[in-house]
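Visitor: build the 3D model from these lines:
(one chain, ligands or ions: 1)
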Amino acid sequence: MIGSGLAGLSAAWQAAQRGCAVALLTRAKDIHDSNTNLAQGGIIYRGREESPEQLVEDVLAAGAGLSSRQAATLLAEEGPRLVKDILIDELGVPFDRSPENPAELDLTCEAGHSIPRIIHYKDQTGDAIEKTFVEHVTAHPKVDVYSNATAVDLLTTSHHSLEPTDVYRPLACVGAYVLDQNSGKIFPVLAKETILATGGLGGVFLHTTNPQEARGDGIALAHRAGARCVNLHLIQFHPTALLAPEGRFLISETVRGEGGTVVDRHGREFMQRYHPAGSMAPRDIAALAIYQTMLETGEPCAYLDITHKPADWLRQRFPGICALYLDRGIDITRDRIPIVPAAHYSCGGIGTDGWGRTNIDRLWAVGEVACTGLHGANRLASTSLLECLVWGTRAGQQAWEQIESDREFYFPEIADWRYERTGRSGAHRTGLAHHPPYDVELCGTDPQRKAIESCAPHPKRVGLGNQPLL
Ligand SMILES: Cc1cc2nc3c(=O)[nH]c(=O)nc-3n(C[C@H](O)[C@H](O)[C@H](O)COP(=O)(O)OP(=O)(O)OC[C@H]3O[C@@H](n4cnc5c(N)ncnc54)[C@H](O)[C@@H]3O)c2cc1C
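Guide: Numbering: from 1, shown residues only. Got it, this is the predicted structure:
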């Protein structure tokens, strides 16, 4: 299992519960570090008296004609049941209760949703899910967790077997070369089934809500191995990221959902010009409208204004956002929030079916790294955590069934990674965070060397337009 966000944890949990030995790898030092951890708004559950078709229609409407109805139907039919069975009943994620009726979960609405159907834990939903899930997965006797462990290349029968005639076998994944960031060594890790759950790629853009570590590793790994990648150009920009010298911080869609309006420097609303729903326009329209207005006015940002709401209510409803911005000198109960659109979500990814299967045998992809077709050209808010849960769960179950049914598994002999110590200038230096550069020459194929070099921090970033960093 490569990745410890919600998708990887869901898959690991299912496989381990069925008796499968799972090695869960994360390149982060702390297993919690992920995009999942940052999700604020919530996860789709089900609205009062809602039918699955209503959610399907909202997903398709947001997806701008490019969503797969099949994927949306799978999400709508399986998702709410899995939220209840796994997140609520089995793991006990402490979702907020309705203030009017504590027996029920609090349902909120977000842009693009026709009814309230999203459950949350304050404005720290991802953190609550990740913490609860990590607690259970790490305590599971069948799961071994390896942090500071970066997958740098997938192992396939065709590319890495020492038996030359293996090239005639069907393309199959048998694990990955993994860089142990503590020792600087690279090991082949063999696996009967390999599940990629490495998240998104926002870190390659100038303005992004993702951590810089979200740099599309899984897509690079899968592409090199010969996997089909789909719709990689379809990046969703979140319309409302805080513009601050320390970086970009997402302002949850629920701030607009709860009445926040998008305005220009003079406090004038402009969103009605772009969409009848005004400030509640879907993400893609809102992001374009804000960007267009920035270009027209020459301003580096627009503003989000929710100061008309009572200060106490705001502090209660958005404690995380209030505290984070207060640290940056912005009191959202009194100040307009400076915002820019920022790369937020990769709608495309490694092409998979409804079980997370890729076109490479024994290789699965789940969560943001995958493209199930659900999001089309534009993701409906709060669908991605649910997608992680649904496809992660299904892939974990199915991978285990495949292991159970296949009694003649073939592991080829794989070459160890070769290193040569060198004092020459021009030696490749991995320069990993927390580690001094290693004075080694990395041997192997060009793609493998590039993978290691990609672990070094990027000196230069490209992004939306030519906007300078503050
Ligand atoms: C600020 C923010 C707010 C969001 N809010 C919401 C929301 O309210 N609702 C919603 O549904 N969605 C939301 N999203 C989107 C959602 O959080 C993500 O799409 C989802 O969490 C992705 O989960 P994942 O498991 O696919 O990947 P991630 O959670 O990103 O996990 C990726 C994992 O892979 C590991 N990894 C990466 N590369 C390697 C490698 N080479 N080797 C080993 N490990 C590797 C990482 O260390 C990490 O453990 C939000 C996203 C952001 C950034």
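
Visitor: part of a helix, is residue 293?
Guide: Yes - counting by DSSP: H, G, I helix; E, B strand; the rest coil, residue 293 is located in a helix.

Visitor: need the pLDDT of it.
Guide: Looking at residue 293, its pLDDT stands at 94.

Visitor: could you do the one 5 residues further on as well?
Guide: Taken from the predicted model, the pLDDT recorded for residue 298 is 92.

Visitor: and it, how far from residue 202?
Guide: Distance check for residue 298 against residue 202: by C-beta to C-beta, to the nearest Å, it reads 26 Å. Just so you know, the C-beta spots here come from the backbone N, C-alpha and C atoms, and that holds for glycine as well.

Visitor: quick check: domain ranges of the chain?
Guide: 6-234+347-405, 241-341 (automatic domain parsing).

Visitor: TSV for these, including mean neighbour count?
Guide: Shown next, in TSV, are those (neighbours: other C-beta atoms under 10 Å):
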stretch	mean neighbour count
domain 6-234+347-405	21
domain 241-341	18
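
Visitor: now the weakest link among those, please, by mean pLDDT.
Guide: Across those, the lowest-scoring stretch is domain 241-341, with a mean of 91.

Visitor: can you tell if that domain touches the ligand?
Guide: Yes - among the residues of domain 241-341, residue 250 lie within reach of the ligand under C-beta under 6 Å from any ligand atom.

Visitor: could you check how far that domain is from the centre of its chain?
Guide: With C-alpha atoms, centre = their mean, to the nearest Å as the basis, domain 241-341 stands 23 Å off its chain's centre.

Visitor: cool, and stretch 150-164?
Guide: 26 Å.

Visitor: kindly report the same for stretch 43-55.
Guide: 23 Å.

Visitor: how long is that stretch from one end to the other?
Guide: With C-alpha to C-alpha, to the nearest Å applied, stretch 43-55 spans 13 Å between its terminal residues.

Visitor: go on, stretch 329-340?
Guide: Stretch 329-340 has an end-to-end distance of 18 Å (criterion: C-alpha to C-alpha).

Visitor: does the lengthiest helix in the chain come close to the ligand?
Guide: For the chain, the helix with the greatest residue count under DSSP state H is helix 383-405. Yes - taking C-beta under 6 Å from any ligand atom as the criterion, helix 383-405 and the ligand are in contact, through 383, 384, 385, 388.

Visitor: with only the CA atoms kept, save that helix in PDB.
Guide: Taking C-alpha atoms only, helix 383-405 is exported to PDB below (Å, rounded to 0.1, in the frame of the first residue of the first chain):
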ATOM      1  CA  THR A 383     -16.900  14.000  -3.200                       C
ATOM      2  CA  SER A 384     -13.200  13.200  -3.000                       C
ATOM      3  CA  LEU A 385     -13.100  11.800   0.500                       C
ATOM      4  CA  LEU A 386     -16.100   9.700  -0.300                       C
ATOM      5  CA  GLU A 387     -14.400   8.500  -3.500                       C
ATOM      6  CA  CYS A 388     -11.300   7.500  -1.400                       C
ATOM      7  CA  LEU A 389     -13.500   5.500   1.000                       C
ATOM      8  CA  VAL A 390     -15.500   3.800  -1.700                       C
ATOM      9  CA  TRP A 391     -12.700   2.900  -4.100                       C
ATOM     10  CA  GLY A 392     -10.100   2.300  -1.400                       C
ATOM     11  CA  THR A 393     -12.500  -0.200   0.300                       C
ATOM     12  CA  ARG A 394     -13.400  -1.900  -2.900                       C
ATOM     13  CA  ALA A 395      -9.700  -2.200  -4.000                       C
ATOM     14  CA  GLY A 396      -8.700  -3.600  -0.700                       C
ATOM     15  CA  GLN A 397     -11.400  -6.200  -0.800                       C
ATOM     16  CA  GLN A 398     -10.800  -7.200  -4.400                       C
ATOM     17  CA  ALA A 399      -7.000  -7.300  -4.100                       C
ATOM     18  CA  TRP A 400      -7.400  -9.700  -1.300                       C
ATOM     19  CA  GLU A 401      -9.800 -11.900  -3.200                       C
ATOM     20  CA  GLN A 402      -7.300 -12.000  -6.100                       C
ATOM     21  CA  ILE A 403      -4.500 -13.100  -3.700                       C
ATOM     22  CA  GLU A 404      -6.900 -15.800  -2.300                       C
ATOM     23  CA  SER A 405      -7.900 -17.100  -5.700                       C
END
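
Visitor: how far off centre is it?
Guide: Here helix 383-405 is found 16 Å from its chain centre; the criterion is C-alpha atoms, centre = their mean.

Visitor: what's the answer for stretch 196-215, then?
Guide: 8 Å.

Visitor: now do stretch 80-90
Guide: Centre-to-centre, stretch 80-90 and its host chain are 20 Å apart (C-alpha atoms, centre = their mean).

Visitor: now what about that stretch, what contacts it?
Guide: For stretch 80-90, the surrounding residues in contact (C-beta atoms under 8 Å, 6 or more residues apart in numbering) are 10, 13, 43-46, 93, 95, 119, 129, 132, 386, 389-390, 393.

Visitor: kindly recompute the last result at 7 Å.
Guide: Residues outside stretch 80-90 that contact it (C-beta atoms under 7 Å, 6 or more residues apart in numbering) are 43, 45, 46, 93, 95, 129, 389, 390, 393.

Visitor: check whether that stretch comes near the ligand.
Guide: No - Stretch 80-90 is not in contact with the ligand by C-beta under 6 Å from any ligand atom; minimum separation 11.4 Å.

Visitor: pull up the distance across that stretch, start to finish.
Guide: Start-to-end, stretch 80-90 (C-alpha to C-alpha) is 14 Å.

Visitor: strands along the stretch 101-250 of the chain, start to end?
Guide: With DSSP state E, counting those that start in this stretch as the criterion, the stretch 101-250 of the chain has strands at 118-119, 143-146, 149-156, 173-180, 185-190, 194-196, 229-230, 235-244, 247-250.
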